[in-house]
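> got a predicted structure plus its sequence, pasted below:
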Amino acid sequence: MSDFHSTANAPQTGPWATRVEPRRKAPKTDEQLFAEAEKRMGLLRTKVLANRDRQRMELVDDLYAKYSVEAVADDMSESKRLQTLRAKLCL
């Protein structure tokens, strides 16, 4: 007899031999669907606000360039620069 045993005739047992049927997820409740929609809405709102801020800054930068308003070295908040731009725009 050999030291090796044959698995050809052995029954398939053990956790690897069982076949697991895929289960369907339970349908989501109205509350879960509403919570997901609110989450998506919050993410979209954040993107819209960021895009609006970016567009606003691009517009202000374009106005600075068009009216030749240079940055002031010690003006961290750009209040002097904005004041100069408003004066050139007659606002």
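Looks like it arrived, so ask away.

> centre of the chain to stretch 78-91, how far?
35 Å (Cα atoms, centre = their mean, to the nearest Å).

> run through who's touching that stretch.
Stretch 78-91 has contacts (Cβ atoms under 8 Å, 6 or more residues apart in numbering) with 60, 63-64, 67, 69-72, 75. Yep, even glycine has a C-beta here, placed from its N, CA and C like the rest.

> now the helix or strand where Arg86 lies: average pLDDT?
Per DSSP states H and E, Arg86 falls inside helix 79-88. Averaging pLDDT along helix 79-88 gives 94.

> buried residues, that helix. List them.
Buried residues in helix 79-88, counting neighbours by 16 or more other Cβ atoms under 10 Å, are found at 81, 84-85.

> next one, pLDDT for the residue nearest to the spatial centre of the chain please.
Centroid-nearest residue in the chain, with Cα atoms, centre = their mean: Leu43, separated by 6.8 Å. pLDDT recorded at Leu43 is 97.

> is it in a helix, a strand, or coil?
Following DSSP: H, G, I helix; E, B strand; the rest coil, Leu43 is assigned to helix.
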